[in-house]
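S.K.: Coordinates only, no sequence provided:
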């Protein structure tokens, strides 16, 4: 944001509009003191030949050939920044995206290279496609982000589809996470007295909280907390899950990372055994069922039993109308009941 102010001020000087601390402060809603410090930084640290013009009541350049340096970004850093903008497609805040786009376009206008670089050109070369993600309300995202950055507790009305009920929570946001396109806030919940994960799309109402909520003691690293187990679901208890994938699906699974600490071992028949820590069976069970007959749960026994029961329930849906195999002419075939 600060460099965006520099770029705007520079462009106003180049256009002969004599900007000053007042116009800079009004444009970006900052204090006049901050605006004056920005101008001094441009003059003293970026070596801009700024002079104050009493007639224009603002600043001009003694040397009109001066350009604000863009060498603060290397070609590789600029490319990384542009790609990061493309990867930010899940941010549900159009205003934030517009500001990012405006800033990058101003940077690009000052950047010179043999090969022209543009956001439009990058859009034709790099894109992101998200599926099965939960849509987040823009205002909810803004309020959660503001609460997180300013360390202020909020009051939310939260809907749980698992229990089909809504509860009022007073939470202190601690970490914002985009997981497979869906936004989550990890927060200290006063109702539960500990860390909880809230999906932003399930927040029905959000407002200021009148309660004082302190950050949990112990200096927990939330990134380590989130990476501790498979998926997004977390708890104090962790179980080691062991899955065996068929020789047909093993090459694809071998390319994937299910958990940073996973253990993979290839069998003599080409199968692959994958082990990793899990805190909750619900998410990993969905992944297991997605692979169908290409995967078998080896351990723990409780998860194996849950998957078996789910398959029985699926048979109740897909097995309707099917009769047992009957023999006809020495061969077996399955008949559909009429």
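M.R.: Structure's in. What do you need? This structure is a prediction, so every number in the text was calculated from the model and none was measured.

S.K.: now the helices: where do they sit in the protein?
M.R.: Listed in chain order, the helices of the chain (DSSP state H) span 2-14, 21-28, 32-44, 75-87, 94-110, 119-125, 138-150, 222-227, 250-254, 281-290, 301-318.

S.K.: average pLDDT across the longest one?
M.R.: Helix 301-318 shows an average pLDDT of 92 in the prediction.

S.K.: What of stretch 53-62?
M.R.: On average, the pLDDT along stretch 53-62 is 94.

S.K.: next one: stretch 241-252
M.R.: pLDDT averaged over stretch 241-252 gives 95.

S.K.: if we can go back for a sec, would you mind putting the helices of the chain into TSV with mean neighbour count and distance to residue 185 alongside?
M.R.: Glycine gets a C-beta too; all of them are placed from N, C-alpha and C. Below are the helices of the chain laid out as TSV (neighbours: other CB atoms under 10 Å; distance: least, CB to CB, whole Å):
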stretch	mean neighbour count	distance to residue 185
helix 2-14	18	27
helix 21-28	17	28
helix 32-44	15	30
helix 75-87	14	20
helix 94-110	15	16
helix 119-125	11	29
helix 138-150	16	5
helix 222-227	12	11
helix 250-254	15	31
helix 281-290	15	18
helix 301-318	12	28
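
S.K.: Might you report the residue contacts of the residue nearest in space to the middle of the chain?
M.R.: By CA atoms, centre = their mean, the chain has its centre lying nearest to residue 178, at 2.4 Å. Residues near residue 178 by CB atoms under 8 Å, 6 or more residues apart in numbering: 90, 184.

S.K.: at 7 Å instead, please
M.R.: Contact analysis of residue 178 by CB atoms under 7 Å, 6 or more residues apart in numbering lists residue 90.

S.K.: Tell me the bridge partners for it.
M.R.: Per DSSP bridges, the residues bridged to residue 178 are residue 183.

S.K.: ok so, going back, for the helices of the chain, give me CSV that also has distance to residue 192.
M.R.: What follows is these, written out as CSV (distance: least, CB to CB, whole Å):
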stretch, distance to residue 192
helix 2-14, 39
helix 21-28, 40
helix 32-44, 40
helix 75-87, 33
helix 94-110, 30
helix 119-125, 43
helix 138-150, 18
helix 222-227, 15
helix 250-254, 36
helix 281-290, 18
helix 301-318, 24
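
S.K.: Compare those and give me the one nearest residue 165.
M.R.: helix 281-290 (17.5 Å; CB to CB).

S.K.: one step back: go through the helices of the chain and name the closest to residue 211.
M.R.: Residue 211 lies closest, by CB to CB, to one member of the helices of the chain: helix 138-150, at 12.9 Å.

S.K.: how far off helix 94-110 does the closest one point, in degrees?
M.R.: With axes from the mean of the first three to the mean of the last three CA atoms, to 10 degrees as the basis, helix 138-150 and helix 94-110 are set at 70 degrees to each other.

S.K.: what sits up against helix 138-150?
M.R.: Residues from elsewhere that reach helix 138-150 (CB under 7 Å, 6+ apart): 92-94, 154, 173, 176, 183, 185, 200, 203, 206.

S.K.: Could you do stretch 286-298 as well?
M.R.: Stretch 286-298 is contacted by residues 242-246, 248-249, 303-304, 307, 310 when judged by CB under 7 Å, 6+ apart.

S.K.: Out of those, flag the one nearest to residue 67.
M.R.: Minimum distance to residue 67 across the contacts of stretch 286-298 is 56.3 Å, recorded for residue 249 (CB to CB).

S.K.: how close does the closest residue to that closest one other than its chain neighbours sit to residue 174?
M.R.: Ranked by CB to CB, 6 or more residues apart in numbering and with sequence neighbours excluded, the top spatial neighbour of residue 249 is residue 294, at 4.0 Å. For residue 294, the distance to residue 174 (CB to CB, to the nearest Å) stands at 38 Å.

S.K.: how many neighbours does the nearest residue to residue 61 once chain neighbours are set aside have?
M.R.: Leaving aside its chain neighbours, residue 61 sits nearest to residue 49 (5.2 Å; criterion: CB to CB, 6+ apart). Other residues lying near residue 49 total 13 when counted by other CB atoms under 10 Å.

S.K.: List the contacts of residue 49.
M.R.: 61-63, 66.

S.K.: so where's the stretch 101-250 of the chain shaky on pLDDT?
M.R.: Scanning the stretch 101-250 of the chain for pLDDT under 70 picks out 106, 109-117, 218-220, 228-236.

S.K.: now do 90
M.R.: 101-135, 161-164, 177-182, 191-197, 211-238 (pLDDT under 90).

S.K.: give me every residue that touches the residue lying closest to residue 133 once chain neighbours are set aside.
M.R.: Leaving aside its sequence neighbours, residue 133 sits nearest to residue 181 (CB to CB, 6+ apart; 2.9 Å). Neighbouring residues of residue 181 by CB under 7 Å, 6+ apart: 90, 130, 133.
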